[in-house]
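Peer 1: The sequence and its predicted three-dimensional model are supplied below.
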Amino acid sequence: MSLEPVNQLVFSGGGQTIVKVTDDFKHLLVASQKGLLKIFDADHQENEPTTIDILQDISSFSTCTNTDNIIATSKKGTVGFYSFSNHSLNNILFSSVLPLRDSCLTNGGNLAVVGGDDSELILLDPQGETKLIKKIGLNNEITSLSYNRVSNLVAVSLSSRVVRVYSLSSQSPEFVSSIEGQIPKKLFQDEFDDSLEDEFDELDEEDNFTFKDDKTKSKAKDNNRVSTKPSWRPDGEVIAIPCEDNIIRLFSRNDDFSEGVAFPGKHRLSLVDLSWSPNGNYLASVDLDDRLIIWDTQQKIDTHSYNLPKPVYNVDWISIGDRFDVVLGTFDGHILRFNGVVPRTGTTSVDKATSLFIDAEAGVSDVENNGNVAEAIQDADGDDGDLDDFIIDTETSTTKRPPNGFLDEDDELFGEHSKKRKPPTIVSSSWKITPYSPGATPWSYDKRYLTINSFGYCWSVEQTANYTITVDFFNKDLHRSYHFKDVYGYDLASMNENALVLATSGSNSINPKASSTKRILFRPHDTDMSQNWEREVPCQKDEYITCVSVSNSVVVVATSYGYIRSYSLFGVAQTIEKTSPLVACMAHGNYIFSATLHGNSLRFSMQDLDGKYYQRDAALPVNVDGKNDFVFKGLFFSDDGDPCLVGHDDMLLVLSRWRDPLQARWVPILDIAAGIKKAASSGDKIKSWPLGLMGEKFNCIIQRTRIIQSSSYPDFPLRLPTEIEIELPVNSEAYSKEEESLNSEENYVKAKVLGELLNDAIQNADEDEDSLEDSELRLFEYSRLYDKSLLLLLADACSKENSMKAFALANELRDDKALSSAIKIAERSNLETLVQQIAELREERLEQSQSQT
């Protein structure tokens, strides 16, 4: 195919020229080694570009999805952070003694990863007060980095011919796998780049250059241009590796990058760069022979080949209208652009039958996609046909996100409430129920957490054609993280230590692109895919799913019309019930907690799986003011099986005495805002995201907010959970260790409240429960803390000669030894009357005990 490139002069001073296209394809960025960055309108490249002064001797630069931030590294070891909107340098993030070679900006601009000749993978926080987060020693020079936003994986190429893959989904990068012995061995020679530029002849009338002699041309094919940089397929499932034998090999994430699929050996010399087309159907490769090849990645054949007029530095793709263009950076200030090298719709279809890799763990939602997402979802909403027939189109426009990432609490979380849809008459017109999953967050650019709890977290990444769902765990020894494709747009989730449940709510308030069919998917974490099941949930017109929950014995589905259904873990329908519109539900063991909407007030019910109600339509102490679409900030069962909730007032409440009819009460056991202040350093603004209650420890994600991003929602990567000691809000101000009376008072109430909760749990526990012995030991400790706290309060009262208060406290003591200690305390304070009163109280209790026996 004959197609001439557009040869555009960008920098008249010449020099190494790097090209980069933003993820939204709106801007083409061209950087000069001499310290300039030009930002072009990708669709109208003839327009005057914006120019920014950047680092000289630039070695790499990187952008981040839906942000205006740029990060750049230089051979002098400097990391610069820039802004599109300000057209200027924001900050110098880091300086290294040795050259830095590559960079990537991830997680909404919250994390920068750089590496170079110092053999360390360096993690930086561009927007935090402390820029350096962590250094990871790798014992070999880092030659390149390659990041994929969907999988949140970064591939680190080392001079030792090893590619190490890390996950950036948690606060500390986690090693995933390695690909050894494939990439070329590479050591940079920086003096070569300068000598190459000096050897160019004057530009001819066609803006081309020629080398003065063959020796200089040989330098152009020096080791510096040989690529070790992998290229991720846009969906993050496959990575292309430029191998030492000049062959491109593809490695699958689902196979742990263990076996590669090789393309034919069409390149005679070493590869210079690789880049996937935006739809993943094509791969562009350039070699030292100045040859550009466009590959059909499904058929593994070369569809186009071009001899380039000059050596190139790198290659990237631009999506324009109905075509894909290829743009290349050079060494003389020019860029080359092949317009319409392939049509955007693609000449090859991508389906499961011809895909390069089959996901061994792929379930009913794991579909290779290429086509129209609207048609795919429409097909999915119809009959239960073969999922392989779905076609996903990469032309589908992405949902718009707020420019600053998360919406804050004062804004609506998922867009305006629909005014066109008439709500059911049983729902108040002033407030519409938003589908809710415990721990879920709004969209942060193209990502959102579907659920977060004490076991782990599940998040979704939006792509142009579909979504990718990833499940990860805080305890890596419990389960291994996994991922799969989602063509339906699941917007609800629930997970425990054994399984995950997903649902499409059928409401457009979260995922406008999601399927309108109300369906659920059950997926165990570590079993074969035969245990997966999926089914549609019958709903009336305008009805939608509001919440799903999974326990070790049941899956519960709640809807906006008040239907609550339960299924066995094998997908068999168990029960169905009609109540008021359901705002939330959660299952634990043999119990189901549900929250319903009555006008502008909320009520809750507790029942078991047999349908027996322990509490029914009792008042729920949470306000529905319309300011927050999510009524609850947190909703979960404690480890002891008691319902807990956190409202937007940041007060942790636990439901006590709920097994006794008409006796249930919500007890505040922690002012979270006050509790996390102890974890904050001076001047930090911090918020928390609740996860669970384990014994006396409240588990949460502490989020340090910034000026740039002031959201209270967890961002990417997710910080490790923090445990905060339960501290009942019984005092008006925080006490210190010296204020023993206040400390004792709080411990007294804590022992009383938590001891009562634990005792109730023990009395109703299964006889074969393994943790029963541990629970009884904890209950004994609460009993000791109860009496000890009272004795300390009694001693304080005696020191102030307040005999009436001291005797009242003695009446609260339970153990006979504690009464004996109270007598000794009163004797030391010379309060003879009090001594006599406590002694009489003790004798009276002994007589009662003897009469009962």
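Peer 2: Done, it's in. Numbers count the residues shown, from 1 in each chain.
Peer 1: Was I right to think residue 319 contacts residue 282?
Peer 2: No: Residue 319 lies out of contact with residue 282 (C-beta atoms under 8 Å); the separation is 11.8 Å. C-beta coordinates here come from the backbone N, C-alpha and C atoms, glycine included.
Peer 1: between these two, which one's more packed in?
Peer 2: residue 282 (24 against 21; other C-beta atoms under 10 Å).
Peer 1: Mind checking what helix or strand follows the worst-scoring helix or strand of the chain on mean pLDDT in sequence?
Peer 2: Using mean pLDDT, DSSP states H and E, the weakest-scoring helix or strand in the chain turns out to be helix 373-381, at a mean of 37. Next helix or strand after helix 373-381 toward the C-terminus (DSSP states H and E): strand 447-452.
Peer 1: ok, now how distant is residue 581 from residue 183?
Peer 2: 58 Å (C-beta to C-beta, to the nearest Å).
Peer 1: The two: which has the busier surroundings?
Peer 2: For residue 581 versus residue 183, the count of surrounding residues by other C-beta under 10 Å is larger for residue 183: 27 against 23.
Peer 1: The more buried one reaches residue 156, doesn't it?
Peer 2: No: if you go by C-beta under 8 Å, residue 183 and residue 156 don't touch, sitting 11.1 Å apart.
Peer 1: what touches both of the two?
Peer 2: With contacts defined as C-beta atoms under 8 Å, 6 or more residues apart in numbering, the residues shared by residue 183 and residue 156 are residue 163.
Peer 1: where in the stretch 551-700 of the chain is pLDDT low?
Peer 2: 624-629, 679-684 (pLDDT under 70).
Peer 1: the helices in it, which residues?
Peer 2: 672-677 (DSSP state H, counting those that start in this stretch).
Peer 1: now do the chain
Peer 2: Assigned helices in the chain, in chain order: 190-198, 214-220, 373-381, 672-677, 740-763, 772-799, 803-812, 816-828, 832-852 (criterion: DSSP state H).
Peer 1: Least confident of those helices, on average?
Peer 2: Among the helices of the chain, helix 373-381 has the lowest mean pLDDT, at a mean of 37.
Peer 1: low-scoring pLDDT stretches of the stretch 201-350 of the chain, where are they?
Peer 2: 201-222, 345-350.
Peer 1: So which residues of it form strands?
Peer 2: Secondary structure of the stretch 201-350 of the chain by DSSP state E, counting those that start in this stretch: the strands cover 231-232, 238-242, 248-252, 260-262, 271-276, 282-287, 291-296, 301-307, 312-320, 323-330, 334-343.
Peer 1: so which of those comes closest to residue 33?
Peer 2: strand 312-320 (9.4 Å; C-beta to C-beta).
Peer 1: What is that closest one packed up against?
Peer 2: Secondary-structure packing of strand 312-320 (3 or more C-beta pairs under 8 Å, 6 or more residues apart in numbering; DSSP states H and E): strand 17-21, strand 271-276, strand 282-287, strand 323-330, strand 334-343.
Peer 1: let's see 7 Å
Peer 2: strand 17-21, strand 271-276, strand 282-287, strand 323-330 (3 or more C-beta pairs under 7 Å, 6 or more residues apart in numbering; DSSP states H and E).
Peer 1: ok, the last one: who's next to it in the sheet?
Peer 2: The reference is to strand 323-330. strand 312-320 (antiparallel), strand 334-343 (antiparallel) (DSSP bridges).
Peer 1: and if you look at the shortest one?
Peer 2: Each strand that pairs with strand 17-21, with its direction, by DSSP bridges: strand 27-32 (antiparallel).
Peer 1: Distance from the chain centre to the partner strand, please.
Peer 2: Centroid separation between strand 27-32 and its chain, computed with C-alpha atoms, centre = their mean, to the nearest Å, is 30 Å.
Peer 1: Residue 610: neighbouring residues, count only.
Peer 2: 7.
Peer 1: Please apply the same query to residue 731.
Peer 2: Residue 731 has 15 nearby residues by other C-beta under 10 Å.
Peer 1: what's the answer for residue 305, then?
Peer 2: 12.
Peer 1: pretty sure it is in contact with residue 293, am I right?
Peer 2: Yes: assessed by C-beta atoms under 7 Å, residue 305 is found in contact with residue 293 at 5.1 Å.
Peer 1: Could you dump the strands paired with strand 323-330 into CSV with distance to residue 657 added?
Peer 2: Below are these laid out as CSV (distance: least, C-beta to C-beta, whole Å):
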stretch, distance to residue 657
strand 312-320, 61
strand 334-343, 68
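Peer 1: For residue 762, which of these is the nearest?
Peer 2: Smallest distance to residue 762 across those (C-beta to C-beta): 62.2 Å, for strand 312-320.
Peer 1: Quick one: residues in contact with the closest one.
Peer 2: 16-21, 25, 28, 42-43, 272-273, 275, 277-278, 284, 286, 324-331, 336, 344 (C-beta atoms under 7 Å, 6 or more residues apart in numbering).
Peer 1: do that again at 6 Å, thanks
Peer 2: Residues outside strand 312-320 that contact it (C-beta atoms under 6 Å, 6 or more residues apart in numbering): 16, 18-19, 21, 25, 42-43, 273, 275, 277-278, 284, 286, 324-325, 327-330.
Peer 1: Same check on stretch 32-41?
Peer 2: Contacts to stretch 32-41, defined as C-beta under 6 Å, 6+ apart, come from residues 10-11, 13, 15-16, 27-31, 47, 49-52, 54, 56, 58.
Peer 1: again, 8 Å this time
Peer 2: 10-11, 13, 15-17, 26-31, 47, 49-58, 61, 70, 72, 82, 84, 193, 333.
Peer 1: Can you dump the C-alpha atoms of that stretch in PDB for me?
Peer 2: The C-alpha coordinates for stretch 32-41 follow below in PDB (Å, rounded to 0.1, in the frame of the first residue of the first chain):
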ATOM      1  CA  SER A  32      12.100  18.500  22.200                       C
ATOM      2  CA  GLN A  33      15.300  17.400  23.800                       C
ATOM      3  CA  LYS A  34      16.200  21.100  24.000                       C
ATOM      4  CA  GLY A  35      13.500  22.000  26.500                       C
ATOM      5  CA  LEU A  36      10.200  22.700  24.700                       C
ATOM      6  CA  LEU A  37       6.800  21.000  24.600                       C
ATOM      7  CA  LYS A  38       4.200  21.800  22.000                       C
ATOM      8  CA  ILE A  39       0.600  20.800  22.500                       C
ATOM      9  CA  PHE A  40      -1.400  20.400  19.200                       C
ATOM     10  CA  ASP A  41      -5.100  19.900  18.600                       C
END
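Peer 1: Now do it, average pLDDT.
Peer 2: Averaging pLDDT along stretch 32-41 gives 90.
Peer 1: what comes up buried for it?
Peer 2: 32-40 (16 or more other C-beta atoms under 10 Å).
Peer 1: Closest one of the residues you listed to residue 652?
Peer 2: residue 39 (47.8 Å).
Peer 1: Mind listing the residues bridging to that closest one?
Peer 2: According to DSSP bridges, beta-bridge pairing links residue 39 with residue 29, residue 50.
Peer 1: again with residue 177
Peer 2: residue 165.
Peer 1: Count the residues that sit near it.
Peer 2: 17.
Peer 1: follow-up on the earlier one: which one of the strands paired with strand 323-330 lies closest to residue 717?
Peer 2: Residue 717 lies closest, by C-beta to C-beta, to one member of these: strand 312-320, at 25.9 Å.
Peer 1: relative orientation of that closest one and strand 282-287 in degrees?
Peer 2: Relative orientation of strand 312-320 versus strand 282-287 (axes from the mean of the first three to the mean of the last three C-alpha atoms, to 10 degrees): 160 degrees.
Peer 1: got the CA coordinates for strand 312-320 in PDB?
Peer 2: Presented in PDB, the C-alpha positions along strand 312-320 are these (Å, rounded to 0.1, in the frame of the first residue of the first chain):
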ATOM      1  CA  VAL A 312      12.500   7.700  14.200                       C
ATOM      2  CA  TYR A 313      12.400   7.900  18.000                       C
ATOM      3  CA  ASN A 314       9.000   6.500  18.900                       C
ATOM      4  CA  VAL A 315       5.500   5.800  17.500                       C
ATOM      5  CA  ASP A 316       1.900   6.500  18.700                       C
ATOM      6  CA  TRP A 317      -1.700   6.400  17.300                       C
ATOM      7  CA  ILE A 318      -4.300   9.100  16.900                       C
ATOM      8  CA  SER A 319      -8.000   8.400  16.500                       C
ATOM      9  CA  ILE A 320      -9.600  10.900  14.100                       C
END
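Peer 1: That'll do, ta.
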